[in-house]
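In: With the sequence up front, the predicted model follows.
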Amino acid sequence: DAKTTQPPSMDCAEGRAANLPCNHSTISGNEYVYWYRQIHSQGPQYIIHGLKNNETNEMASLIITEDRKSSTLILPHATLRDTAVYYCIVRVAQDDYKLSFGAGTTVTVRA
Amino acid sequence: GAGVSQSPRYKVAKRGQDVALRCDPISGHVSLFWYQQALGQGPEFLTYFQNEAQLDKSGLPSDRFFAERPEGSVSTLKIQRTQQEDSAVYLCASSPRTSGGKTQYFGPGTRLLVL
C-alpha cells in the first residue's frame, strides 16, 4: 500500500522553476518526507528531506503543508540535467533504513 | 571521493545459470543495502547489512537469492538458477550510520538480463 501519490510525469521548461507535488495524506507525526531522484542509468540520489518545516539546500526547496498531508519539491531553475525520475518517500524517523520508492514522477526538462 | 561501485555493470545470463553481483561501498560505511529495480518501476528493498551482520533479508524474493558481506565491506549478491523474472537492475547503497541515516548513497547498479 503506497504511502505517497505522485503524478506519473510532467514537463518543464529549462530555466523555469519545476514544482513537483506529492500527496501523503496518511503520514504519521514521526514520519519524514524524503525526496530522491534517479537520472537515467544511474542510482538514486538524495535531494532533501523534512519533517514539518520548509527546507532548502543547494539542490532544491521542500515545502510541506501545515497539515503535512502534502508537499512540493521545487527545483528553482531547472536545467536539462535535472531530467530524471523523482521519488517522494515517507519514512519513520531518520533511522528507519528501508526506502520505499514507489513509481515516482518522470520529469522532462525541455530546452 | 570514490562513491559506491558495482560490478559487473551488465550481465547476461542463461536461464538456470548462477550469477554473482559485487558491491564496493564507500570506505568506512557501516550500513549496506541491496535493492532490485524492475523496468519502469522504483527500486524495491532486498536486504540490509550492518557491518558483516545481515539484519534484514525480508525483501529477498526467494531462497535462490543470497547475500553476504563477510568482512563488513564488500558485499556480494548471488542468484542461483536464474529465471527470466530475475531480470532487473540490482542497486547497492551504503550509509555511514548504523541504520539508514539521513541518506543512502547508491551505486550505478548492475543490469541483469536472463535469457
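Out: Perfect, thanks for sending it. Bear in mind that the values here come from a model prediction, so they are computed numbers and not experimental data.
In: Enumerate the residues of chain B near chain A.
Out: By Cβ under 8 Å from any Cβ of the partner chain, the residues of chain B that approach chain A are B:4, B:31, B:33, B:35, B:41-45, B:48, B:56, B:91, B:93, B:95, B:97, B:99-109. For every residue, glycine as well, the C-beta is placed using N, CA and C.
In: so the residue nearest to B:Q41 when sequence neighbours are not counted is in which element?
Out: Nearest residue to B:Q41, sequence neighbours excluded (Cβ to Cβ, 6 or more residues apart in numbering or on different chains): A:A103, at 6.5 Å. Using DSSP states H and E, A:A103 sits within no helix or strand.
In: Compute the number of surrounding residues for A:A103.
Out: Neighbour count of A:A103, defined by other Cβ atoms under 10 Å in any protein chain shown: 15.
In: Might one say that it is in contact with B:G42?
Out: Yes. Contact criterion Cβ atoms under 8 Å: A:A103 and B:G42 qualify, at 5.7 Å.
In: could you check the distance from A:G15 over to chain B?
Out: A:G15 is 28 Å from chain B, where distance means Cβ to the nearest Cβ, to the nearest Å.
In: Pull out the buried members of the residues of chain B next to chain A.
Out: Among these, the ones that count as buried by 16 or more other Cβ atoms under 10 Å in any protein chain shown are B:4, B:31, B:33, B:35, B:42-45, B:48, B:91, B:93, B:95, B:97, B:99-101, B:103-109.
In: Show me how far the helix or strand harbouring A:M10 is from its chain's centre.
Out: Taking DSSP H and E as the criterion, A:M10 maps to strand A:9-13. Strand A:9-13 sits 14 Å away from the centroid of its parent chain (Cα atoms, centre = their mean, to the nearest Å).
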